[in-house]
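Output the structure for:
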Amino acid sequence: MSERRILVPLDASKLAERIIPYAAELAQRADAQITLYQVVDPFRSPSPRWEVAAPQETADQMVIRAEVASNDYLRTIARPLQERGLRGTWVVDCCKSPETIATSRAEVKNGRSPGSRSSCKPMSPF
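Numbers count the residues shown, from 1 in each chain. Sure, this is the predicted structure:
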């Protein structure tokens, strides 16, 4: 039997975060792992928690800043889940199109790291 996984897409909004207690309860009951997933596009619509980029910042610097902010955010979300004894990972995926998001979702569902599309690190366990 394959390992059960629950994919929790987050965009750093309070609305998206409302699903976390339900996902945690389901993961506990089903003995499943949780994958916290955030798509980062630092050139389009930054997360409300990101700082505004400096005018002289390069594209690579913007991606790195977005990656760091997203990893910090997901680490904060993962901490209470880990304290409850839940297992899982978080993924910060840097991409822009719905097609690559769908591909990443399928890869995560099958327990693989999404293909690298930038400097973003694929998976971090908790």
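
Which stretches in the chain count as helices?
14-17, 20-30, 59-83, 98-109 (DSSP state H).

Highest mean neighbour count out of the ones you listed?
A comparison of those by mean neighbour count, using mean count of other CB atoms under 10 Å, puts helix 59-83 on top with a mean of 16. Every residue, glycine included, has its C-beta placed from N, CA and C.

any idea which helix or strand of the chain has the worst average confidence?
helix 98-109 (a mean of 62; mean pLDDT, DSSP states H and E).

CA-only coordinates of stretch 4-14 in PDB, if you can.
Extracted in PDB, the C-alpha atoms of stretch 4-14 (Å, rounded to 0.1, in the frame of the first residue of the first chain):
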ATOM      1  CA  ARG A   4      -1.000   8.500   2.200                       C
ATOM      2  CA  ARG A   5      -0.400  12.200   1.600                       C
ATOM      3  CA  ILE A   6      -2.500  15.300   2.100                       C
ATOM      4  CA  LEU A   7      -1.600  18.200  -0.100                       C
ATOM      5  CA  VAL A   8      -2.300  21.600   1.500                       C
ATOM      6  CA  PRO A   9      -1.900  24.500  -0.900                       C
ATOM      7  CA  LEU A  10      -1.200  27.800   0.900                       C
ATOM      8  CA  ASP A  11      -0.900  31.400  -0.300                       C
ATOM      9  CA  ALA A  12      -0.100  33.000   3.100                       C
ATOM     10  CA  SER A  13      -3.700  34.200   3.400                       C
ATOM     11  CA  LYS A  14      -5.700  33.600   6.600                       C
END
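
And it, what's buried?
Arg5, Ile6, Val8, Pro9, Leu10, Ala12 (16 or more other CB atoms under 10 Å).
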